[in-house]
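Trainee: model the structure of this input:
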Amino acid sequence: MEIETLNQNDVALIRFKTSLEDTKKIKNQFDQLELAQYQHVLLDMRHQNWLSSREIGTLMAIYKQLSEIDISFSILANSPVMLQTVQATGMDYLFSVYESKEQALKNI
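Mentor: Purely as a prediction, here's the structure:
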């Protein structure tokens, strides 16, 4: 997992080197992050072309964990299938989806 701090230190851009399939591993990695210093978490999923049901569950768990500590959340995705999945599941009502880092930073 890589973290890049953006936008004058209030946005954490997170890239996982693995898929979100391994929910326990992702949750453990996420729990170890010191996210309280950020106002927003941006999860880069541009390397993925689709979402499994397990990955959808992981995204929802991340969203819930962050919302409990008042940190906003959005994802970067540019695959048409990913965008359709996010819309079809209604996740786009919970968090924003951006196609580029620049677009996200402009709107966060």
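
Trainee: wait, what's in contact with the residue nearest the centre of the chain?
Mentor: With distances taken as CA atoms, centre = their mean, Leu43 lies nearest the centre of the chain, 2.9 Å away. Counting by CB atoms under 8 Å, 6 or more residues apart in numbering, Leu43 touches 14, 16, 59, 62, 73-76. Just so you know, the C-beta spots here come from the backbone N, C-alpha and C atoms, and that holds for glycine as well.

Trainee: phi first, then psi, for it.
Mentor: Listed backbone geometry of Leu43 is phi -100, psi 120, with angles given as degrees, to the nearest 10.

Trainee: do the same with Val41
Mentor: According to degrees, to the nearest 10, Val41 has phi -120, psi 130.

Trainee: before we move on, what about Ala36?
Mentor: Per-residue torsions, Ala36: phi -60, psi -20 (degrees, to the nearest 10).

Trainee: doesn't Ile69 make contact with it?
Mentor: Yes: Ala36 sits in contact with Ile69 when judged by CB atoms under 8 Å, with a separation of 6.5 Å.

Trainee: all helices of this structure, in order?
Mentor: Shown for the chain, the helices assigned by DSSP state H span residues 23-32, 53-68, 80-89, 101-107.

Trainee: run through who's touching the second one.
Mentor: The one in question is helix 53-68. By CB under 8 Å, 6+ apart, helix 53-68 touches 19-21, 23, 26-27, 30, 35, 41, 43, 48, 51, 72-73, 75, 85, 89, 91, 94-95.

Trainee: so which bits of stretch 93-105 are buried?
Mentor: 95-98, 101, 104 (16 or more other CB atoms under 10 Å).

Trainee: could you dump these to TSV with distance to Thr5?
Mentor: As requested, those are exported to TSV (distance: CB to CB, whole Å):
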residue	distance to Thr5
Phe95	20
Ser96	19
Val97	21
Tyr98	17
Lys101	13
Ala104	14
